[in-house]
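1. the amino acid sequence is not available; the structure is as follows:
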């Protein structure tokens, strides 16, 4: 299964896709001698969605974009110079192609959007307009206008456009996604496959979905059909208010299978307000790397539950430097509870930059409040490169299921570590061993275990040998990024 963001790229000819063999809700089919009836989704009390669609459809637009397509190298032709059929081509007068860079012309794509202000502000997805050299919108009345990109936020996949129209445009209004309940009816309106003005109905299937699209969005899941070209279009509740922006589907084949995802309107409102004001989104930054509190970690540090976010690394010179420590478990920010690691980035991102926030945490088993001034977030990436070296194997390390080696200058260079990095580098893991089950990989450098500094493999051996608890807390360095891992040791 794959998550697909639904910007529809048009074929080179510009032809629009069509569908066939569609069985609609309310249709009747014969099966042998029996009759099978599919009931409609619309509630009997409302008599369908027609009045709702009449109200909201004029605010929905189709978005058409043009992207520059770089020249590409033409593929080898069987009739070209030096190819198997060169003589055949010359004998029968077939032109011999000249291989080299080929300019294929601009690429075109489409998506959906909706007007949020009569003056011409339009919301869509960032991936719909990303890289576009030209953007146009088409209204429900078929009027077309060029659009300017006011600002984008790739972190939430949102974009704000502006069109200059000679008249006020019909605008949609935002509702509160926080008030949605699983089972509530919703409709999606958009531009699937370039067809325009398409309405599908369904329910809220789930809330708070994480689909590996960054830490700042907990998606609404819906079974309202969302297809290619629906991206950026609105998800309406039965009051005609926008409660989400349709953005992605989970599908084995690229088409709708009833698992679609929308960005909640509460998130959209906050992001779009910043884009409208300054063209960009600023987010708070705490200056730490965090990870979930697993059952093994909770057992290793004596927590009764798994609530909170475990600080794995404090960025030197960052807002938390000198205030937070690796091993702290953050439980609250400004009085708001942090139940899981996913909640912390959203709380910090929404905090005012320069504001002092009270961070409630657990340190060494005791509750503590720490004041930290929120900084401004900058993008950061990190990777992993396995390392190698001469291995050492002992009975104690057998409980971890690893072989390790000293951290030499060669290892530091290979893994991109600081010159001062020390510890024991993992050179191999037993596939069903304790460390492998906990997520360690070759190239990880074990720096601490249960608070004891590991400067060499013998220190790791001693720490494992002396462990009085079957679960140990290990601090590893993974190519410059540190994180804690709770490991339940194998029996001696």
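-> Now that the structure is in, tell me what you want to look at. Predicted model, so just to flag it, every value in this text is computed and none were measured.

2. wait, what's in contact with the closest residue to residue 320 other than its chain neighbours?
-> Closest residue in space to residue 320, ignoring its immediate chain neighbours: residue 287 at 4.5 Å, by Cβ to Cβ, 6 or more residues apart in numbering. C-beta: built from backbone N, CA, C; applies to glycine. By Cβ atoms under 8 Å, 6 or more residues apart in numbering, the residues touching residue 287 are 314, 315, 318, 319, 320, 321, 375.

3. of the residues you listed, which belong to helices?
-> Nothing among these maps onto helices, per DSSP state H.

4. out of the residues you listed, which one has the weakest pLDDT?
-> The pLDDT minimum for the contacts of residue 287 sits at residue 315, where the score is 86.

5. what distance do you get for it to residue 407?
-> According to Cβ to Cβ, to the nearest Å, residue 315 stands 22 Å off from residue 407.

6. those two: which is more packed in?
-> Neighbour count, other Cβ atoms under 10 Å: between residue 315 and residue 407, residue 407 has more, with 25 against 15.

7. need phi/psi at the residue lying closest to residue 60 once chain neighbours are set aside.
-> Using Cβ to Cβ, 6+ apart and skipping residues adjacent in sequence, the residue nearest residue 60 is residue 189, 4.6 Å away. Dihedral pair for residue 189: phi -120, psi 130, per degrees, to the nearest 10.

8. burial count for residue 189?
-> Neighbour count of residue 189, defined by other Cβ under 10 Å: 26.

9. can you check residue 230 too?
-> Around residue 230 there are 32 other residues, counting by other Cβ under 10 Å.

10. quick check: which element contains it?
-> Under the criterion of DSSP states H and E, residue 230 resides outside all helices and strands.

11. any idea how many residues pack against the nearest residue to it once chain neighbours are set aside?
-> Closest residue to residue 230 apart from its sequence neighbours, by Cβ to Cβ, 6+ apart: residue 190 at 4.0 Å. Residue 190: 30 surrounding residues under other Cβ under 10 Å.

12. so for stretch 151-166, what gets flagged as buried?
-> For stretch 151-166, the neighbour count (16 or more other Cβ atoms under 10 Å) marks 151, 152, 153, 155, 156, 157, 158, 159, 160, 161, 162, 163 as buried.

13. next: stretch 417-426.
-> By 16+ other Cβ under 10 Å, the buried positions in stretch 417-426 come out as 417, 421, 422, 423, 424, 425, 426.

14. got a list of contacts for that stretch?
-> 387, 389, 402-407, 409, 411-412, 415, 435, 440-447, 454-457, 459-460, 477, 479-480.

15. just the buried residues out of these, in ChimeraX syntax.
-> In ChimeraX, a selection of the buried entries from these looks like this (16+ other Cβ under 10 Å):
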select :387,389,402,403,404,405,406,407,411,412,415,435,440,442,443,444,445,446,447,454,456,457,459,460,477,479
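
16. hey, where'd the helices end up in this structure?
-> According to DSSP H, the chain carries its helices in the segments 50-56, 86-91, 126-129, 265-278, 295-301, 343-349, 395-400, 409-415, 434-438, 457-466.

17. next, format those helices as TSV and append mean pLDDT and distance to residue 326.
-> Formatted as TSV, the helices of the chain follow (pLDDT from 0 to 100; distance: least, Cβ to Cβ, whole Å):
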stretch	mean pLDDT	distance to residue 326
helix 50-56	94	50
helix 86-91	51	66
helix 126-129	91	34
helix 265-278	93	30
helix 295-301	89	12
helix 343-349	89	15
helix 395-400	71	20
helix 409-415	76	19
helix 434-438	86	17
helix 457-466	84	17
